[in-house]
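Enquirer: Predicted model follows, preceded by the sequence.
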Amino acid sequence: MALEYADKTAKVTLAKPLELHGGDLEMYKSHSQTLVLTQLTQVCNLLEVTPSSIFRTAWAIVLQQYTQSNHVVFGSVVSGRDGGHPGAE
């Protein structure tokens with residue numbers, strides 16, 4: 001059974017991010033975003049996957065680390081795609 005380990009739920013509580021002060025943050029964000037997007041595009045092209053696949057994989061790893069579980073299940077709502085499954089909405 002594919003979801004046999006999905007009978008438990010874990011609440012993920014994360015610490016609030018630190019507040020940063022200073023003018024260099026915006027410049028850093030702009031430069032790093034361009035660099036990250038370029039690298040992300042290259043990795044996606046190399047692996048023949050979408051950026052969404054990369055982010056979902058990263059999110060699964062984050063959840064696995066925070067919950068200390070080998071079995072992580074999460075979903076996302078996708079509108080406009082009729083799968084034909086009764087009650088799926």
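Expert: Right, received. Where do you want to start? The shown structure was predicted, so the numbers you read here are calculated from the model rather than taken from an experiment. Numbering: from 1, shown residues only.

Enquirer: Check which element follows the helix or strand bottoming out on mean pLDDT in the chain along the chain.
Expert: Across the helices and strands of the chain, mean confidence by mean pLDDT, DSSP states H and E is lowest for helix 24-47: a mean of 77. Where DSSP states H and E defines the elements, the next helix or strand beyond helix 24-47 is helix 51-67.

Enquirer: Please name every helix or strand in contact with that following helix.
Expert: Packing contacts for helix 51-67, counted by 3 or more CB pairs under 8 Å, 6 or more residues apart in numbering; DSSP states H and E, involve helix 24-47. Any C-beta I mention is one placed from the backbone N, CA and C, and that applies to glycine too.

Enquirer: any weak-confidence spans in the chain?
Expert: Per-residue confidence for the chain (pLDDT under 70) gives these ranges: 1-3, 5-8, 10-12, 14-33, 80-89.

Enquirer: let's see 90
Expert: 1-39, 62-89 (pLDDT under 90).

Enquirer: mind checking the SS state of residue 74?
Expert: Secondary structure assignment for residue 74 (DSSP: H, G, I helix; E, B strand; the rest coil): coil.

Enquirer: what's the burial count for it?
Expert: Residues lying near residue 74 (other CB atoms under 10 Å) number 8.

Enquirer: give the contact list for it.
Expert: 59-60, 63 (CB atoms under 8 Å, 6 or more residues apart in numbering).
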